[in-house]
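> 3D model of this:
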Amino acid sequence: MMKIRMRLLGVLLSVGCAHSPADGPSTADEAAARAAISAQKAEFARAFKAKDTPALTHLFTEDGVFISPGGSIVKGWAELEPHWVEGLSKVTAVDGGITTLSLDVHGENAVETSRISWTFQGADGTQLTRTGRAITIWRRGSDGKWRILVDRPEVDPRK
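I've put the predicted structure just below:
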């Protein structure tokens, strides 16, 4: 767990230090980035609820990293899609989403903190709501699309 936290800290520091404030985006660029990332988050929620695993996978960069709440690390499209297929074979997300708390844009990278809340339904019909928080690092690709470089959700303890 410590290795994961150190690796994530290293990524955050490199993204945060990659651009000085003088290199920051214009207000229009930042607004466009915020709108594009918001649209990608809405697509994530849609794809998650629909169990659209190819769409979920390609919301990440080709070498994107997902660090699950349990601490497993999944990297790249070849590992991400089977991860989504397996996880979503056990439950269905019936409601929920992601609420941005902060989004800092640094050129081609952005760091987002958010609250998450999902209501899942198991195969037996029981429902469970999980809440938590996440830190997500976004990267704008050469095609202009914002994709997830690193996503690290953490769920609140069950009560």
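
> chain center to stretch 87-100, what's the gap?
Centre-to-centre, stretch 87-100 and its host chain are 13 Å apart (CA atoms, centre = their mean, to the nearest Å).

> pull out the buried positions in it.
Buried residues in stretch 87-100, counted by 16 or more other CB atoms under 10 Å: Leu88, Val91, Thr92, Ala93, Gly96, Gly97, Ile98. Bear in mind the C-beta positions are built from the backbone N, C-alpha and C, glycine included.

> go on, stretch 127-135?
The neighbour-count check on stretch 127-135 (16+ other CB under 10 Å) flags Arg130, Ala134, Ile135 as buried.

> show me what the longest helix anywhere in the chain packs onto, helices and strands only.
Across the chain, the helix with the greatest residue count (assigned by DSSP state H) is helix 27-50. When contacts are defined as 3 or more CB pairs under 8 Å, 6 or more residues apart in numbering; DSSP states H and E, helix 27-50 packs onto helix 53-57, strand 91-106, strand 109-122, strand 127-140, strand 146-155.

> coming back round to it: now render the buried residues of stretch 127-135 as a markdown table, adding pLDDT and distance to Thr119.
What follows is those, written out as a markdown table (pLDDT from 0 to 100; distance: CB to CB, whole Å):
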| residue | pLDDT | distance to Thr119 |
| --- | --- | --- |
| Arg130 | 94 | 8 |
| Ala134 | 97 | 17 |
| Ile135 | 98 | 22 |
